Structure formats: structure tokens, C-alpha cells
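S.K.: Predicted model and sequence below, questions to follow.
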Amino acid sequence: MPRYIVERTFPSGLHIPCNIDGAGACLNVVDQNAQGSVTWVQSFVSMDKQKTFCVYDAPTPSAIEAAADRTGLPVDSITEIRVLDPYFYY
């Protein structure tokens, strides 16, 4: 399955509460993604919480876009990636 970085902008910041509501919001994203064979692997959030860089496994970029439409999440860019590990050369 191809792997992608999805960049998103949240002008007001991404605020996910650390409680049952926040957990539910994240599980909703996972459930909506699964409808299109999209898997959310990991996300990185900027210190100001206005940008996220999310790692996804998905069959195509359009599958990620469709999942984002279902969840109402923004998508700035989708870039297919490969792993570059500094220990590869040892």
C-alpha cells in the first residue's frame, strides 16, 4: 500500500480535547478513513497547532481526499513518500 504525507492547515488551530470527546473525534476519523481503505498512521502538529503533517497509507491520493471530505478535514497537499532511514547505510 502506498504511503503519503498529508499537510493540513487549521487557521484557528487544531484543538482536540484530551477526554472522551477528543477520543471520539479521532475514532470517527479512523472509521471514516476505513470506508476507503485509508489508514491514519501518525500525525505531527506544529507548535502553534495551525499545521499538521499526517502519515497515511492509502490506495490513492483520491481515497485520502474522499476520506477528508467525509470527516470535514482540510487537505493542503498530498505527497507520496518512501522511508529514508539514516541507519540504512550501516
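M.R.: Happy to help now that I have it. This one's a predicted model, so the numbers in the text were calculated from it and none came from an experiment. Residues are numbered from 1 along each chain as shown.
S.K.: For Ala34, grab the count of nearby residues.
M.R.: Look at Ala34: counted by other CB atoms under 10 Å, it has 12 neighbours. Every C-beta, even on glycine, is put in place using the N, C-alpha and C of the backbone.
S.K.: With Pro17 instead?
M.R.: Counted with other CB under 10 Å, Pro17 comes out at 10.
S.K.: biggest helix in the protein by residues?
M.R.: Longest helix in the chain, counting residues (DSSP state H): helix 20-34.
S.K.: What is it packed up against?
M.R.: For helix 20-34, the packing partners by 3 or more CB pairs under 8 Å, 6 or more residues apart in numbering; DSSP states H and E come out as strand 39-45, helix 61-71.
S.K.: out of the ones you listed, nearest to Cys18?
M.R.: For those, the distance to Cys18 is smallest for strand 39-45, at 13.2 Å, taking CB to CB.
S.K.: Neighbouring strands of the closest one in the sheet, and parallel or not?
M.R.: Strand pairing for strand 39-45, determined by DSSP bridges: strand 51-57 (antiparallel).
S.K.: What distance do you get for the residue nearest to the spatial centre of the chain to Ile20?
M.R.: Nearest residue to the geometric centre of the chain (CA atoms, centre = their mean): Cys54, 3.6 Å. As judged by CB to CB, to the nearest Å, Cys54 and Ile20 stand 22 Å apart.
S.K.: For the residue nearest to Arg70 when sequence neighbours are not counted, give me the pLDDT.
M.R.: Nearest residue to Arg70, sequence neighbours excluded (CB to CB, 6 or more residues apart in numbering): Gln32, at 4.3 Å. Predicted confidence (pLDDT) for Gln32: 94.
S.K.: residue contacts, Gln32?
M.R.: For Gln32, the contacting residues are 67, 70-71, by CB atoms under 8 Å, 6 or more residues apart in numbering.
S.K.: go on, Arg3?
M.R.: 41, 55-57, 80-83.
S.K.: Ser76 contacts Pro11, doesn't it?
M.R.: I think there's a mix-up here, since residue 76 is Asp and not Ser. No: checked against CB atoms under 8 Å, the pair Asp76 and Pro11 is beyond contact range at 11.5 Å.
S.K.: Looking at the two, which has the bigger crowd around it?
M.R.: Remark: of Asp76 and Pro11, Asp76 carries more neighbours, 11 against 6, as counted by other CB under 10 Å.
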